[in-house]
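# Below is the structure, and that's it, no one-letter string:
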């Protein structure tokens, strides 16, 4: 595991990426982009996982044991405007978007002030339907198109973050 973040201090205004890693299907893409742009990456999970060893990857695994939302809480408490949060968790996305933090899902969509309300409502409706025994078996399978859309958006957003180092308007 690379722990370059603890070996060097990050500048106070340096943007970071916070990855909600437990069910992330695109970790390898995230590692490559974080390394390419030399952006600190916090890989946050409920259990230990492997992070690739690379001298250029400034990644730190943060294991947050406990309640199911403990990793989400850790991210929400630390990410600030100018950072990037990567998650499929809609309640976490709601918390970060509300705090002015750019937030993407793993299918290449950005959560925004305009979209988060609909995402939360859809989540609640689907949970209600499942409780009634109605509804499908969850989201569609993760596709190659989803992977490509995410990779393109992530590269664009992280490139922008890297260009705006030292400022809080990334």
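Noted; the coordinates are in hand. This one's a predicted model, so the numbers in the text were calculated from it and none came from an experiment.
# Just give me the neighbour total for the residue found closest to residue 68 once you drop the neighbours it is linked to in the chain.
Leaving aside its sequence neighbours, residue 68 sits nearest to residue 46 (Cβ to Cβ, 6 or more residues apart in numbering; 7.4 Å). All C-beta atoms are positioned from the backbone trio N, CA, C, and that covers glycine. Residues near residue 46, counting by other Cβ atoms under 10 Å, number 17.
# Residue 46 against residue 71, yeah?
Yes - using Cβ atoms under 8 Å, residue 46 is in contact with residue 71, at 5.5 Å.
# Mind listing the shared neighbours of the two?
Contact criterion Cβ atoms under 8 Å, 6 or more residues apart in numbering; residues shared by residue 46 and residue 71: 22, 64.
# any low-confidence regions in this structure?
The model of the chain has pLDDT under 70 over residues 1-13, 116-130, 135-138, 165-170.
# Now do the strands in it.
For the chain, the strands defined by DSSP state E cover 17-20, 41-45, 59-63, 84-86, 102-104, 110-111.
# Dump the ones you listed into CSV; add mean neighbour count as well.
Listed next are the strands of the chain as CSV, based on neighbours: other Cβ atoms under 10 Å:
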stretch, mean neighbour count
strand 17-20, 26
strand 41-45, 24
strand 59-63, 19
strand 84-86, 27
strand 102-104, 23
strand 110-111, 17
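# what's the spacing between residue 53 and residue 103?
Distance of residue 53 to residue 103, given as Cβ to Cβ, to the nearest Å: 28 Å.
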